[in-house]
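Colleague: pasting the sequence and the predicted coordinates here, then a few questions.
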Amino acid sequence: MNLCRKLWKYLLGLIILYVTVFLNLDRIRSYSTDAPIFEVTNSFSSKSHLSKDGSTNQFYHAQFKDQNHTYQFITVPKKQCSNNTKLQITILSTAGNFDIRQAIRETWANPNNSEHVANNDVRISFIISKTSNEFLNFALQKEIEKFDDMIVTDLYESYELLILKVHAILSYKQSHCQLADFQLKIDDDMAVDMDGLYRSLEDKKQASINGISGIIWKNSPPVREKKHRWYVPKTLYSEKFFPPYIDGPIYLIGKNAVPRMLEEAKNYNQWIIEDVFWTGVIGKALKIKQINWANHLLRYVIELIPSRLKCSKGGVPLIYAVHNMKGPQMIHDGYQKLKGVKCK
Ligand SMILES: *[C@@H]1O[C@H](CO)[C@@H](O)[C@H](O)[C@H]1NC(C)=O
Ligand SMILES: *[C@@H]1O[C@H](CO)[C@@H](O)[C@H](O)[C@H]1NC(C)=O
Ligand SMILES: *[C@@H]1O[C@H](CO)[C@@H](O)[C@H](O)[C@H]1NC(C)=O
């Protein structure tokens, strides 16, 4: 019975939503045709659409040995890095994940919860790809204006093109936040203890401006089944094992490594698996130092237990992030658990 009532409430909510949207359809339509900031069609061929801050004028090139792509940042935050910004965090998100972004804003990216975020020592934004869905665009436009923390590219959203999204993160670092010591690439299904993460930047054993930090995978074999999502043909990579690489959901790149990675990628064919490519293949070619955060990150929600949430000898929490947070509530819960660790 309880379930029935919940379902009914849910349905009622949907009906109200649809009615609201349809009553406003005209407004939505004119909004999306009037608003040049959010160009939906033909961005690849159109020459220039000035946004409020002029961000759309510049073209960026993702160059690989076998393929070239040109893309733009359709929207960037007006608030940018400042001279004291030490860490830029770019959260990979997708257009529809409104409530997840909101949960992140309310927890670990909240300036009220971290002095470093409030001071702009840490600059946080989401990166998404454009969408052609009018309803999503309407809501996104509101979100962009309200929070000023969105980077929107005209790249297509697909797993196969994640590698380009990371290219966009790196070139955004170079073009908009070059002085910051570190770039963090992180997915939107993580909860973070910002103070712990920030502390790690000051520890040479955990972060280097020349290196990459995260969970290191060693001796992983490429998948050779053609239909698999992670299929790697021998013509692309013939060796039995991937080079050691850093797990994709969260990795920290030192400022000196960023431009070198962008340059080196030009000598390689384009991959699909983003973390193996950027941190493993390119990282190895450049002999970029890898720093293991295996003692500082958790991969699953079931690991959020006292025996895993330990303190260091120095009396600070060891764990600063947890992955696989499914939905906004889990982000809140995960964040509270990380923050709840008490060390003497
Ligand atoms: C990519 O662009 C560069 C620079 O314009 C050019 O030299 C190269 O031949 C292009 N590569 C491909 C595969 O189109
Ligand atoms: C930031 O640093 C640059 C270069 O060192 C300097 O020219 C600029 O005045 C600084 N800006 C502020 C707001 O301190
Ligand atoms: C931060 O605190 C202020 C004052 O209590 C509040 O108005 C604001 O909504 C808070 N910001 C967030 C992101 O929670």
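Modeller: Cool, the structure landed. Numbers count the residues shown, from 1 in each chain. Ligands and ions are numbered 1, 2, ... in the order given.

Colleague: only C-alpha atoms for contact and neighbour calcs from this point on.
Modeller: OK.

Colleague: now E143: how far from ligand 3?
Modeller: Relative to ligand 3, E143 is positioned 13 Å away (CA to the nearest ligand atom, to the nearest Å).

Colleague: who in the protein is up against ligand 3?
Modeller: With CA under 6 Å from any ligand atom as the criterion, the chain comes near ligand 3 at residues 105-106, 110, 112.

Colleague: out of those, which is nearest to D203?
Modeller: When the residues of the chain next to ligand 3 are ranked by distance to D203 (CA to CA), N110 comes first, at 23.8 Å.

Colleague: the closest one: what's its closest spatial neighbour, skipping adjacent residues?
Modeller: Spatial nearest neighbour of N110, excluding adjacent residues (CA to CA, 6 or more residues apart in numbering): V117 at 7.1 Å.

Colleague: buried residues in the helix or strand hosting the one you found?
Modeller: Applying DSSP states H and E as the criterion places V117 in helix 115-118. Neighbour-count burial for helix 115-118 flags 116-117 (criterion: 16 or more other CA atoms under 10 Å).

Colleague: ok, the residue nearest to N110 touching W108?
Modeller: No - with contacts counted by CA atoms under 8 Å, V117 stays clear of W108, the gap being 9.2 Å.

Colleague: please enumerate the helices of this structure.
Modeller: 2-23, 25-34, 98-106, 115-118, 134-147, 162-176, 194-201, 257-264, 274-275, 282-285, 328-339 (DSSP state H).

Colleague: got those helices as JSON lines, with distance to N84 and mean pLDDT columns?
Modeller: Formatted as JSON lines, the helices of the chain follow (distance: least, CA to CA, whole Å; pLDDT from 0 to 100):
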{"stretch": "helix 2-23", "distance to N84": "43", "mean pLDDT": "54"}
{"stretch": "helix 25-34", "distance to N84": "37", "mean pLDDT": "35"}
{"stretch": "helix 98-106", "distance to N84": "21", "mean pLDDT": "98"}
{"stretch": "helix 115-118", "distance to N84": "10", "mean pLDDT": "98"}
{"stretch": "helix 134-147", "distance to N84": "21", "mean pLDDT": "96"}
{"stretch": "helix 162-176", "distance to N84": "14", "mean pLDDT": "97"}
{"stretch": "helix 194-201", "distance to N84": "13", "mean pLDDT": "97"}
{"stretch": "helix 257-264", "distance to N84": "19", "mean pLDDT": "98"}
{"stretch": "helix 274-275", "distance to N84": "29", "mean pLDDT": "96"}
{"stretch": "helix 282-285", "distance to N84": "28", "mean pLDDT": "98"}
{"stretch": "helix 328-339", "distance to N84": "25", "mean pLDDT": "98"}
